[in-house]
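S.K.: sharing a sequence plus its predicted fold:
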Amino acid sequence: MYGGGYIFQDDKEKLKVQPVEEEDPKLLDAFEAKIDADEKIEPRDWMPAQYRKQLIRMIEQHAHSEIIGSLPEGTWITRAPGFRRKLSIMAKVQDEIGHGQLLYSAAETLGKPREEMINDLLTGKSKYSNVFNYPAETWADVTVIGFLIDAAAIVNQVINSKGSYGPYCRALERICYEESFHLKQGHDAFVALATGTENQRQMLQDALNRWWKPIMHFFGPPDKMSVHTEKLMRWKVKMATNDDMRQQFLNTYVPRVWELGLTLPDQNLKKNPDSGEWEFSDPDWDEFYEVIKGNGPCNHERLAVRSWAEEHGRWVRKALLDPQEKYVVPFA
């Protein structure tokens, strides 16, 4: 599902890797020429240390977001209204876990072992999308996630599937196919509540009000606060700025919410007819950074659940890796 609001390195961290200015100029020119020609960078190709570092961080965050993002929806499998909804959300959660494993594999091609990535997640060193640190209180919350958070993720992933690093682009292309089905089921559930009973409609409106701020945070801080966008876009690590992706999302999905007669909790939200850009209130970026620091409503709960799963699944991984273990393949 989920890859948005990537949190890139700050200047202090960036000093830990070789600065671009100290890279071999001939190799750097050849690398950038390949990117300019729209060729993919593959794992065995030379690449600047900062390109490798930022890619690992981005793909790793995306993988963590897929795994953690399945938790709020996973808790609703048994409580989903009706057998069809239960089947849909169970299949979706299964897909998201698969996406996470696919992305861990892509990140491993850059040299960071999966075990280290998972350890960094559990210790809080590595981040995941902020949006999953908010609770899914009702079925309507799950519906908003399934429609609007998936929609935001697809905006991000379709754009970045045109990026420069081959393994990540190929993983994103496959993920986007499956995400398009997730978006359909999310929209179907969203419309069902919006056109249901008065209580269902009010439950959806309340969930929409709760989730609007995290949705606005999804693509990360405004470009004027993101100091690394220029170099990342030059190398096609990012294919669009945070503001561009947010505008694309608003342009497509705000009308689809309004056409159902629902409202969004921002009186200043409107499209400027002259600029064609959406205008909105400050979504409280201080809260965004507080959640990154681990102070969101569900940060501790999400990592505790993931730690429990990691600990209780250790015996399975150990058994699978045991060279002495013999497996019997059934004939039928």
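M.R.: Nice, thanks for sending it over. Fair warning: this is a prediction, and the values are worked out from it, not measured in the lab. Numbers count the residues shown, from 1 in each chain.
S.K.: what packs against the longest helix seen in the chain?
M.R.: Criterion DSSP state H: the longest helix present in the chain is helix 166-194. Counting contacts by 3 or more C-beta pairs under 8 Å, 6 or more residues apart in numbering; DSSP states H and E, helix 166-194 is packed against helix 49-74, helix 83-108, helix 139-144, helix 150-160, helix 198-217. Placement of C-beta: from N, CA and C, glycine included.
S.K.: again, only using 6 Å
M.R.: For helix 166-194, the helices and strands in contact under the criterion 3 or more C-beta pairs under 6 Å, 6 or more residues apart in numbering; DSSP states H and E are helix 83-108, helix 139-144, helix 150-160, helix 198-217.
S.K.: export these as a markdown table, with columns for distance to Glu178 and mean pLDDT.
M.R.: A markdown table is the format used below for the helices and strands packed on helix 166-194 (distance: least, C-beta to C-beta, whole Å; pLDDT from 0 to 100):
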| stretch | distance to Glu178 | mean pLDDT |
| --- | --- | --- |
| helix 83-108 | 5 | 96 |
| helix 139-144 | 18 | 97 |
| helix 150-160 | 10 | 94 |
| helix 198-217 | 21 | 97 |
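S.K.: looking at these, which is closest to Glu310?
M.R.: Closest approach to Glu310 among the helices and strands packed on helix 166-194 is made by helix 83-108 (12.9 Å; C-beta to C-beta).
S.K.: buried sites along the closest one?
M.R.: Neighbour-count burial for helix 83-108 flags 85, 88-90, 92-93, 95-96, 99-100, 102-104, 106-108 (criterion: 16 or more other C-beta atoms under 10 Å).
S.K.: next secondary structure after it?
M.R.: helix 114-122 (DSSP states H and E).
S.K.: where does the prediction get shaky in the stretch 201-332 of the chain?
M.R.: Scanning the stretch 201-332 of the chain with the threshold set as pLDDT under 70 gives 226-229, 332.
S.K.: quick check, nearest of the buried residues of helix 83-108 to Asn119?
M.R.: Checking the buried residues of helix 83-108 one by one against Asn119 (C-beta to C-beta), the nearest turns out to be Tyr104, at 12.4 Å.
S.K.: Asn299 is in contact with Asn133, correct?
M.R.: Yes. Counting by C-beta atoms under 6 Å, Asn299 is a contact partner of Asn133 at 4.9 Å.
S.K.: all strands for the stretch 201-332 of the chain, in order.
M.R.: In the stretch 201-332 of the chain, the strands defined using DSSP state E, counting those that start in this stretch lie at 270-271, 278-279.
S.K.: Trp235 is nearest to which of the ones you listed?
M.R.: Distance to Trp235, taken as C-beta to C-beta, is lowest for strand 278-279 among the strands of the stretch 201-332 of the chain, at 28.2 Å.
S.K.: partner strands of that closest one and their direction?
M.R.: Here strand 278-279 is paired, per DSSP bridges, with strand 270-271 (antiparallel).
S.K.: next one: the strand it pairs with to chain centre, how far?
M.R.: 26 Å (C-alpha atoms, centre = their mean, to the nearest Å).
S.K.: kindly report the same for stretch 112-125.
M.R.: With C-alpha atoms, centre = their mean, you get 17 Å for stretch 112-125.
S.K.: show me what counts as buried in that stretch.
M.R.: Residues of stretch 112-125 classed as buried: Lys112, Met117, Ile118, Leu121, Leu122 (neighbour count, 16+ other C-beta under 10 Å).
S.K.: before we move on, what about stretch 250-266?
M.R.: In stretch 250-266, counting by 16+ other C-beta under 10 Å, buried: Leu250, Tyr253, Val254, Val257, Leu262, Leu264, Asp266.
S.K.: go on, stretch 191-210?
M.R.: Neighbour-count burial for stretch 191-210, with 16+ other C-beta under 10 Å as criterion, is recorded at Leu193, Ala194, Gln200, Arg201, Met203, Leu204, Gln205, Ala207, Leu208, Arg210.
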